[in-house]
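> sequence first, then the predicted structure:
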Amino acid sequence: MQIVEKIRNRAKLNKKKIVLPENEDERIKQACDIINKEGIAEAVLLSKDRLDQDLIKKYSHEYFCLRKHKGITEKEALEKVNNPLYYAAMMTRFGDCDGFVAGAVNTTPNVIRASIHCLDLDKTIGAVSSCFIMAVPDCVYGDNGVFVFADCGVMPEPSAKQLAKIAISNALLAKKVLGIEPKVAMLSYSTKGSAAGKFVEKVQEATRLANELRPDLIIDGELQLDAAIVPEVAKIKQSDNGIKGDANVLIFPDLEAGNIGYKLAQRLAKARAIGPILEGFTKPCSDLSRGCEVDDIIDCVAVTAIRAGK
């Protein structure tokens, strides 16, 4: 797919150092070999027996300082940082690498927990979420079949304010990683008041807040999916000058809808799903599905490398 080639080529221009703390997984090893051979990034494999003891002392002290308000002891901090996943997150915190990618072995909750415990939250966003870059073959919608779907993996029931922040962060991600003009649709079962209810009201409020915070971005809602991505339907269902069926960033109202939505596109439309990409931190990191393939790992590393660039 052209978008995959585009992402990998953009990553090559950055050549960032990305750490993968799951050396025991053969897919990770294969992906690292390809990444380094093709110059997509400087991929660094971590395993427990290769951790630098001097850095462990530095990282564990910092981790203790970060988490002592939660009652953690210095011994527990040392044990935690001896885990390659947390070591990688602390490497990222200190700038000893530019980002990390994990999840082939570790569960999503573990990867998210390590990120939250070790990295600073981006106060301009104020919400941790995730997204997928979706590439749908033979598709005329979105940006020639390319979309960003969010949130598909982290926040079960975002508030209107959180939903607005998710919309903004994914608009910026689409612009930086994909190089496209983001056109963000706030999805609902209603289009501009065609239905009513508290769920519709939340999306309406989120849209208002997002536009208030970032009037420079194209963020429209509330929209049903067909009104968001099909121009012919948009002409019928909308009367204003917002998105005209050309949305390329889809913001789902909750995690249930987002997770179901991306898997439907992946399985029924044979879409390529790159991610989940974790957002809301000051440093880039990405999760992986434990069922990921080598190409999935390469693409996540490439996206993480692009996000690490200025």
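Okay, I see it.

> can you list the residues that contact the helix or strand bottoming out on mean pLDDT in the chain?
One helix or strand of the chain scores below all others by mean pLDDT, DSSP states H and E: helix 231-237, with a mean of 86. If you take Cβ atoms under 8 Å, 6 or more residues apart in numbering as the criterion, helix 231-237 is touched by 191-192, 194, 224, 226-228, 243-246. Where you see a C-beta, it was placed from the backbone N, CA and C, and this is true even at glycine.

> and for stretch 37-53?
Here stretch 37-53 has contacts from 8, 11-12, 14-24, 28-29, 31-32, 34-36, 82-84, 87-88, 97, 298, 301-302, 304-305, using Cβ under 8 Å, 6+ apart.

> what do you get for stretch 2-14?
With contact meaning Cβ under 8 Å, 6+ apart, stretch 2-14 is reached by 38-41, 133, 135, 144, 146, 177-179, 272, 274, 295, 298-299, 301-303, 305-306, 308-309.

> run me through the strand neighbours of the helix or strand that the least confident helix or strand of the chain is followed by, direction for each.
Next helix or strand after helix 231-237 toward the C-terminus (DSSP states H and E): strand 249-251. According to DSSP bridges, strand 249-251 forms sheet pairs with strand 146-150 (parallel), strand 183-187 (parallel).

> next SSE after the first one?
Which is strand 146-150. Using DSSP H and E, the helix or strand that directly follows strand 146-150 along the chain is helix 160-173.

> what about that following helix, distance to the chain center?
Distance, stretch centre to chain centre, for helix 160-173: 12 Å (Cα atoms, centre = their mean, to the nearest Å).

> run through the neighbouring helices and strands of it.
strand 129-135, strand 146-150, strand 183-187, helix 198-213, strand 218-223, strand 249-251, strand 272-279 (3 or more Cβ pairs under 8 Å, 6 or more residues apart in numbering; DSSP states H and E).

> by how many degrees do the second one and strand 272-279 diverge?
It stands for strand 146-150. Per axes from the mean of the first three to the mean of the last three Cα atoms, to 10 degrees, the angle that strand 146-150 makes with strand 272-279 is 40 degrees.

> I'd say Gly153 and Thr108 touch.
Yes: assessed by Cβ atoms under 8 Å, Gly153 is found in contact with Thr108 at 6.1 Å.
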